[in-house]
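Visitor: Need coordinates for the below:
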Amino acid sequence: MTRLPRRLRRLARVELAELPGVEVRVAADPLARLLGLAALRAIPPGAGLLLPRTRSIHTLGMRFALDLVWIDDDGHVVRVDRAVRPWRMRGCRGARAVVELPCAADA
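Guide: Numbering: from 1, shown residues only. Sure thing, here's the model as predicted:
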């Protein structure tokens, strides 16, 4: 199992068929959604944060770039945004959730 920052370890874990081998935690409650990955120094490769019920995110307060995997109602990937730098906003109209992953280019 990937060594996650403490605030992510407490979140529920989910398996996503579209992201095999990735340890995905779910930011379901308001505080987890508000904090997201902001202010963390990094998250390890092979880890991610799922934000359900969203079509847009921001990277305000981030210290590292993210890869964003946008997912539709059926759990299929509809778009991938790579290397989204801190202090940006992104959205995907067809998405119903997003998984935030550490930027693969940084690994």
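
Visitor: Quick one: low-confidence residue ranges for this protein.
Guide: Counting by pLDDT under 70, the ranges of the chain that qualify are 1-2, 107.

Visitor: Show the contacting residues for the closest residue to Cys103 other than its chain neighbours.
Guide: Using Cβ to Cβ, 6 or more residues apart in numbering and skipping the chain neighbours, the partner closest in space to Cys103 is Ala65 (3.9 Å). (Each C-beta comes from the backbone N, C-alpha and C, glycine too.) By Cβ atoms under 8 Å, 6 or more residues apart in numbering, the contact set of Ala65 is 83-86, 102-103, 105-106.

Visitor: Centre of the chain to the strand ranked longest in the chain, how far?
Guide: Using DSSP state E, we find that the single longest strand of the chain is strand 77-84. Centroid separation between strand 77-84 and its chain, computed with Cα atoms, centre = their mean, to the nearest Å, is 11 Å.

Visitor: Also stretch 65-77?
Guide: Centroid displacement of stretch 65-77 relative to its chain, using Cα atoms, centre = their mean, is 9 Å.

Visitor: so how far is the first residue of that stretch from its last?
Guide: The first residue of stretch 65-77 is 20 Å away from its last residue (Cα to Cα, to the nearest Å).
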